[in-house]
Each structure stands twice: as structure tokens, then as C-alpha cells.
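Undergrad: coords please:
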Amino acid sequence: MDARVDPCDNFYQYSCGGWLKKNIIPETHAKYGLYNILKAELEVVLKGDSILEGFFLEAAALTKAKTLYKSCINESESKGGAPLLDMLPDIFEWPMAVDNWEDDYGKTWRLEDVIARLNWKYATQVLVYFFVYIDDGDSTSHIIYQMSFGLLSRDYYTCKGRFAEACRAYEKFMFDLAKLIRTDRGLKISETDIKAEVTRVVDLERDIVSATDPLLLPNDQVLLYNKMELRELNRNFTLEIDSQKFNWSYFTAKIMDTVNIKVPESEKIINNYPSYFVKLKVSPSFIMLSHHLPTWTKLWDGSTCRRLSLRTAKSW
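TA: Take a look at the predicted model:
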């Protein structure tokens, strides 16, 4: 609080002024509060200080938390590419890393199934950022949020100027990883075919990024707050892939069923970027190539799998 301010003149400054004075809100954050601060502090604690470890006694719970953290970032290469290869069939494989993908997976592949599984099982958001959080318009309740997933920054996909090198490295990593997987599986390698597939995937990502609105600031909560019923997503924001319509109700159920929650058609959701879904559904590249993207996004994701892929590419 800021007791120096008369609450009748400026109640917001009176009730929040002290916090605002003590905490600098990052310009890149749409929200910033106690949870953000505690999360940042927790990450520092979990990382610990290797120099001081062993010199001071600490709570057993903290020691165990640090041990768990270290186990998640270990650099052991003993398993090679096995964890990655074991995971791929579970997410309907990566077309450029297998033969006969269309025969083995094409008939049963469904975008809703793939991105829902990546969401609930692998904590990876692809195309649709789906989560449950406190309703910005009503802090007494929780609500489902459906956001766009913008991949890398729009600037990266220009592949010009200072982004040219990053773009080449990105494509090379995808190319090298596909070769490594095919080599480990004993499959024939056609560099020409792999390069062509890499180009198609990057073109698809570029189309998806272009569907985002560069003028819509991520911290403009008024413009981002678009509340609607789930049935409205099916009616107004239907995507179409391989002549099959994306079913928002089915997709939502695939995620929420894992926690035994049934979501009715009348359920309120927040669609932060309606223009994104409108533009995406008319993208030719998205309609034709979307079966490539979910798996590749998981391989490039900034989580454990991404680190595994990078280490694997170095020492497979």
C-alpha cells in the first residue's frame, strides 16, 4: 500500500502503490505478480551454487529438490537416441524420419489427437496454447484459455540480415536430426528429399507466424479478453486439415478427460487471438503440411526433449 495517497483520490495507487514502487514490472510481461516473483526465486534456489554446496546445512526437502533438478539436466549420453526414438511413435512419428508414414499413420492421424497428447502428456503447446487459469475478468473463477502459438519470432522467418545465420542453423539442425534418426533406424537417406521436407516445414511455420497479429501487443489485456462459448469456436473458427474439420470440442475433451472433467458446449473460454485462427484456416501450407509440425515442434521444444535432441545430434 501507499498510505501517502488519499484512497478517495486514487484508490489504485493507495492499494497498490507500495508494491509498484518496490517491484519493476518487465515490459515483456502481460502479467506480473507474486507468483512470477516466487517462480524466479525458486529457480535460483533449485539451481543452487555448486561452489557453496556442502559448506552449509540445509533442509532435507531442499536437498531433494536440488537433486531432482540436477537429474533433469544431467548430461549423460549412455542412452544415446533411444529415448527420442521411443517417444516418436507415441506422437504419430515424424514423416521425414520414417518410410511409409502415410500407410502406417496417415489413416489414423488426427491433428486434435496429436496436439492434445503433446499438451497433456509432454507439456508441449503446438498451434493452440490451451490451459486453465484464473479468469482475468472474474478472479473468483477459473476458465479455459485458447491462445495462438507463434513459434519463433516473426523476424526470424525473414531469414535476412542478423536472422540469416539463425535461420540457416535452424534448418541445418532439422536436417541433421532427421538424418541421424534415419541412420539409427537403418533407413535409406536421400539428402535431396530431406532438404525438400525441411523447406516445406519452415515455409509452413512462416505461414503460421504470418497469421499472428503483429499489432496486437501481448500485454493488452483488453483486446486479448474475448470470452465466448466452446460451441462458438466450432462455429466460427473451424480449421480444416486433409478435408477434415478440426473439432474444438473433441480436442478439449481429449485434454480434460485426462483429469476426469467433462466440458459442455456451453463452457466459457477465452480466445485471446481470434484473428489468428481465422487466418490460419485459409493457409494452403497449413492445410497440406500440418502433419509435419506437431512432432517437429516437440523436437525443437525448449524442454528436456530439445536438450536431448541437441545432445543426441552431437554424440549419437
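
Undergrad: Okay, strands next: where are they in the stretch 101-250 of the chain?
TA: Taking DSSP state E, counting those that start in this stretch as the criterion, the stretch 101-250 of the chain carries its strands at 128-135, 138-148, 227-229, 240-241, 244-245.

Undergrad: For R110, which of these is the nearest?
TA: R110 sits nearest to strand 244-245 of all the strands of the stretch 101-250 of the chain, at 7.3 Å, using C-beta to C-beta. C-betas here are computed from N, CA, C, even on glycine.

Undergrad: Run through who's touching that closest one.
TA: The contact list for strand 244-245, computed with C-beta atoms under 8 Å, 6 or more residues apart in numbering, reads 110, 238-239.

Undergrad: what does stretch 95-102 give?
TA: Outside stretch 95-102, the residues that touch it by C-beta under 8 Å, 6+ apart are 88, 93, 104, 178, 181-182, 185, 187-188, 193-194, 197-198, 201, 291-292, 295.

Undergrad: Mind checking which of those are in helices?
TA: 178, 181-182, 193-194, 197-198, 201, 295 (DSSP state H).

Undergrad: By neighbour count, sort out the buried ones in those.
TA: Among the ones in helices among the contacts of stretch 95-102, those scoring as buried are 178, 181-182, 194, 197-198, 201, 295 (criterion: 16 or more other C-beta atoms under 10 Å).

Undergrad: R162: which of the residues you listed is nearest?
TA: For these, the nearest to R162 is V198 (21.5 Å; C-beta to C-beta).

Undergrad: shouldn't the closest one be in contact with E171?
TA: Yes: counting by C-beta atoms under 8 Å, V198 touches E171, with 5.4 Å between them.

Undergrad: Domain map for the chain?
TA: 11-72, 82-315 (automatic domain parsing).

Undergrad: okay if I get those as TSV plus distance to V5 and mean pLDDT?
TA: Converted to TSV, the domains of the chain look like this (distance: least, C-beta to C-beta, whole Å; pLDDT from 0 to 100):
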stretch	distance to V5	mean pLDDT
domain 11-72	4	75
domain 82-315	23	81
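
Undergrad: Make TSV out of those and add distance to R4.
TA: Shown next, in TSV, are those (distance: least, C-beta to C-beta, whole Å):
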stretch	distance to R4
domain 11-72	8
domain 82-315	27
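
Undergrad: one step back: which one of the buried ones among the ones in helices among the contacts of stretch 95-102 is nearest Y156?
TA: V201 (13.9 Å).

Undergrad: Quick check: which of the domains of the chain is buried the most?
TA: Among the domains of the chain, ranked by average contacts under mean count of other C-beta atoms under 10 Å, first place goes to domain 82-315 (a mean of 16).

Undergrad: next one: that domain to chain centre, how far?
TA: 7 Å (C-alpha atoms, centre = their mean, to the nearest Å).

Undergrad: gap between the nearest residue to P7 once chain neighbours are set aside and K21?
TA: Spatial nearest neighbour of P7, excluding adjacent residues (C-beta to C-beta, 6 or more residues apart in numbering): Y14 at 4.1 Å. Y14 sits 13 Å away from K21, taking C-beta to C-beta, to the nearest Å as the criterion.

Undergrad: which residues are in contact with both of these two?
TA: By C-beta under 8 Å, 6+ apart, the residues touching both Y14 and K21 are D2.

Undergrad: circling back to that earlier point, ok, of the contacts of strand 244-245, which one's closest to E267?
TA: T238 (17.3 Å).

Undergrad: gap between the closest one and L299?
TA: With C-beta to C-beta as the criterion, T238 and L299 are 28 Å apart.

Undergrad: Save the ones in helices among the contacts of stretch 95-102 as a markdown table, and put in distance to E267 too.
TA: Output for the ones in helices among the contacts of stretch 95-102, formatted as a markdown table (distance: C-beta to C-beta, whole Å):
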| residue | distance to E267 |
| --- | --- |
| A178 | 40 |
| I181 | 40 |
| R182 | 43 |
| D193 | 44 |
| I194 | 43 |
| E197 | 38 |
| V198 | 39 |
| V201 | 34 |
| T295 | 29 |
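
Undergrad: Y122: which of these is nearest?
TA: Closest approach between those and Y122, by C-beta to C-beta: T295, at 10.7 Å.

Undergrad: Quick check: that closest one touching M87?
TA: No: in this structure, T295 is not within contact of M87 by C-beta under 8 Å, at 9.4 Å.

Undergrad: Number of residues surrounding V5?
TA: Using other C-beta atoms under 10 Å, the number of residues around V5 comes to 16.

Undergrad: hang on, it packs against Y12?
TA: No: in this structure V5 lies outside contact range of Y12 using C-beta under 8 Å: 9.1 Å.

Undergrad: hang on, the earlier thing: looking at the contacts of strand 244-245, which one is closest to T158?
TA: Closest to T158, out of all of these and judged by C-beta to C-beta, is L239, at 25.4 Å.
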